[in-house]
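*Asks:* Turn this into a structure:
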Amino acid sequence: MAQRLALCRLLSRPARGSLASHGRAFSSSAGRRNTFNVQDGNDFQDRVVNSRKPVVVDFHAQWCGPCKILGPRLEKLVSKLEGKVLMAKVDIDDHTDLAIEYEVSAVPTVLAMKNGDVVDKFVGIKDEDQLEAFLKKLIGA
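*Replies:* Modelled structure (predicted):
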């Protein structure tokens, strides 16, 4: 009986490497609601430009090493702000038009937007203290 129970538990676990095992499939955490991937130009307009909350826009690429360091670092700090700021992730290979429109010439590029306007920007990787200062300036804290 104990072996059958152990086998059932093992089989009910998500496979390693699956989306469910990383909490990405159906996550309901505040961090996930505050961070989203931009789907297209209309989505960007609706969720970023028309947002009532300040939005940090992370222009990145899958092949970009520094982006893989900066993205999670920024997501972590945005989630700590508990809804005071949103984070939009824009893959420049999928959304070249947005990268051109916002004059992104290198990745990672991070924009701070309020009421549809770019109010601050940086290019490259930053440490957590610098990111915290960037976010506090955006929300006026």
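*Asks:* Can you pull the poorly scored residue ranges out of this protein?
*Replies:* Residues of the chain that meet the criterion pLDDT under 70 lie in 1-32, 141.
*Asks:* can you give me the helices for this protein?
*Replies:* Here the chain has its helices, by DSSP state H, at 2-12, 30-34, 41-44, 65-80, 96-101, 128-139.
*Asks:* quick one: contacts for the nearest residue to residue 128 once chain neighbours are set aside?
*Replies:* Spatial nearest neighbour of residue 128, excluding adjacent residues (C-beta to C-beta, 6 or more residues apart in numbering): residue 73 at 6.2 Å. C-betas here are computed from N, CA, C, even on glycine. By C-beta atoms under 8 Å, 6 or more residues apart in numbering, the contact set of residue 73 is 126, 128, 131.
*Asks:* Kindly recompute the last result at 10 Å.
*Replies:* 125-128, 131 (C-beta atoms under 10 Å, 6 or more residues apart in numbering).
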